[in-house]
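Peer 1: model the structure of this input:
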Amino acid sequence: MPSSFPRLSFNRFGDPAQVLTLQQVNRPPLRPGRLLLQMRYAPINPSDLIPIHGQYAHRIALPQVPGYEGAGVIVDPQSGRSTGRRALAVAGDGSWQTFVTLPEDRVVWVPDDIDDNDAAQIYINPLTCWVLLTQWLPLNAGDVLLLNGGGSAVSLLLAQLTALRGIRLAVVVRNAAHRQALLAAGAWRVIEAPQLAQMPHFGARAAIDCIGGEDGLQLARAVRSGGDFVALGLLGGHQVDWRRVVDELKLHASLFHLRKWNAQAAPAQWQTAFYQLFQLLRRGQLALRPPAAIYPLHQYAAALQHAAQPGVNGKIFLTPTTSKTVGGGRALIQRSSQ
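Peer 2: Numbers count the residues shown, from 1 in each chain. From the prediction side, this is the model:
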């Protein structure tokens, strides 16, 4: 086994393409109560890039390794050999590196019948959607849920999960090209943004705002008085006017951060949520897109450029291996034998 391994990190905030650097580092020392995970795949999510730009500078100590999710295999810290047991790279260090240390009491094991492709991207978006529907919002079968940002990965996941639970999802889109994919995934209705402005009495039970600003306020107006309004993202770059949402429209407003939910979730609650998602995957009730491409860590600049292109169908994955860039990732993905 080589003595050093690749890792991406940043020691100043800014454009990820400018501030990320590739380092060769030793395998990290292992403290008691922690396990050593050798990474296989880590996606590039928008939420991974936000802290690099400096939005959370007040709570980020530099230098920092980015990457909030991924999957790998636990290795023996003495020999460096694989144990054959796979786990998620969550609740550990940043995933855009070769080795991650995980707290034993929060390890999420990957079942044998779940491939690396699905495991690597089960956390940020699927867990967020599942927690919103099962724990955050008081929704019942037949309720109408409004969602904007209809071109996002979250919209396709929520379309699938709401259909499973009998919730009627109305998705607001700016581009009608997303209509068929959303309806096929399980959305009840797809509404173009200008149409929503003409539907002030739509009367949805709740809304999830992924854009903010005026778009978020328009979404809130279509929720009935006393309903729920959840801010999930900020694609538009501006906060919704919370005073108007709460005081004028009389909605119950909240801001959902997966990080904060994680901090307060009991270990059993955390494990149960992942177990339920794995069950949905194996039953074919939840489908995740295969990666659009897989890049080795040393090609991170090309990976970031690819991820920023409009219309990319699937996530861009990073891997510590030095193999060539591969498109249509599923052919590369292998399950470990346990």
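
Peer 1: what segments of the stretch 51-200 of the chain are strands?
Peer 2: 71-75, 82-88, 99-103, 144-147, 168-173, 189-192 (DSSP state E, counting those that start in this stretch).

Peer 1: show me what counts as buried in the fourth one.
Peer 2: Along strand 144-147, these residues count as buried under the neighbour rule (16 or more other CB atoms under 10 Å): 144-147. To be clear about C-beta, it is placed using only N, CA and C from the backbone, and glycine gets the same treatment.

Peer 1: and these, which is closest to E214?
Peer 2: L146 (15.3 Å; CB to CB).

Peer 1: looking at strand pairing, list the partners for the closest one.
Peer 2: Beta bridges link L146 to A170, A207, judged by DSSP bridges.

Peer 1: residue contacts, it?
Peer 2: By CB atoms under 8 Å, 6 or more residues apart in numbering, L146 lies in contact with 170, 172, 202, 204, 206-208, 219, 222-223.

Peer 1: before we move on, the earlier item: highest average neighbour count across the strands of the stretch 51-200 of the chain?
Peer 2: strand 144-147 (a mean of 26; mean count of other CB atoms under 10 Å).

Peer 1: would you mind writing the CA trace of it as CSV?
Peer 2: Output in CSV follows, covering the C-alpha atoms of strand 144-147 (Å, rounded to 0.1, in the frame of the first residue of the first chain):
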residue,chain,number,x,y,z
VAL,A,144,-51.7,19.0,-1.6
LEU,A,145,-48.0,19.9,-1.3
LEU,A,146,-46.5,22.7,-3.4
LEU,A,147,-42.8,22.7,-4.5
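
Peer 1: tell me where the protein is predicted with low confidence.
Peer 2: Along the chain, segments meeting pLDDT under 70 span 1, 200, 322-338.

Peer 1: show me how it divides into domains.
Peer 2: Split into domains by automatic domain parsing, the chain comes to 5-122+288-332, 125-259.

Peer 1: hmm, back to that, export the contacts of L146 to CSV and append columns for distance to R86.
Peer 2: Output for these, formatted as CSV (distance: CB to CB, whole Å):
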residue, distance to R86
A170, 38
V172, 38
F202, 44
A204, 40
A206, 36
A207, 37
I208, 31
L219, 39
A222, 43
V223, 41
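
Peer 1: go through the residues you listed and say which is closest to D112.
Peer 2: I208 (33.8 Å).

Peer 1: dump the residue contacts of the closest one.
Peer 2: 132, 145-148, 158, 230, 232.

Peer 1: for S225, same thing?
Peer 2: By CB under 8 Å, 6+ apart, the neighbours of S225 are 249-251.

Peer 1: let's see 6 Å
Peer 2: K250 (CB atoms under 6 Å, 6 or more residues apart in numbering).

Peer 1: check which helix or strand covers it.
Peer 2: Using DSSP states H and E, S225 sits within strand 223-231.

Peer 1: ok now that strand, how far from the chain's centre?
Peer 2: In terms of CA atoms, centre = their mean, to the nearest Å, the centre of strand 223-231 is set 24 Å apart from its chain centre.

Peer 1: after the top helix by length along the chain, next one along is what?
Peer 2: Longest helix in the chain, counting residues (DSSP state H): helix 267-282. The element immediately downstream of helix 267-282 (helix or strand, assigned by DSSP H and E) is strand 293-296.

Peer 1: report the strands that pair with that next one, each with its relative direction.
Peer 2: strand 316-319 (parallel), strand 326-327 (antiparallel).

Peer 1: so what touches the first one?
Peer 2: To tie it back to what came earlier, the one meant is strand 316-319. With CB under 6 Å, 6+ apart as the criterion, strand 316-319 contacts 41-44, 96, 291-297, 303, 306-307.

Peer 1: give me the buried subset of those.
Peer 2: Buried residues within the contacts of strand 316-319, defined by neighbour count using 16+ other CB under 10 Å: 41-44, 96, 291-297, 303, 306-307.
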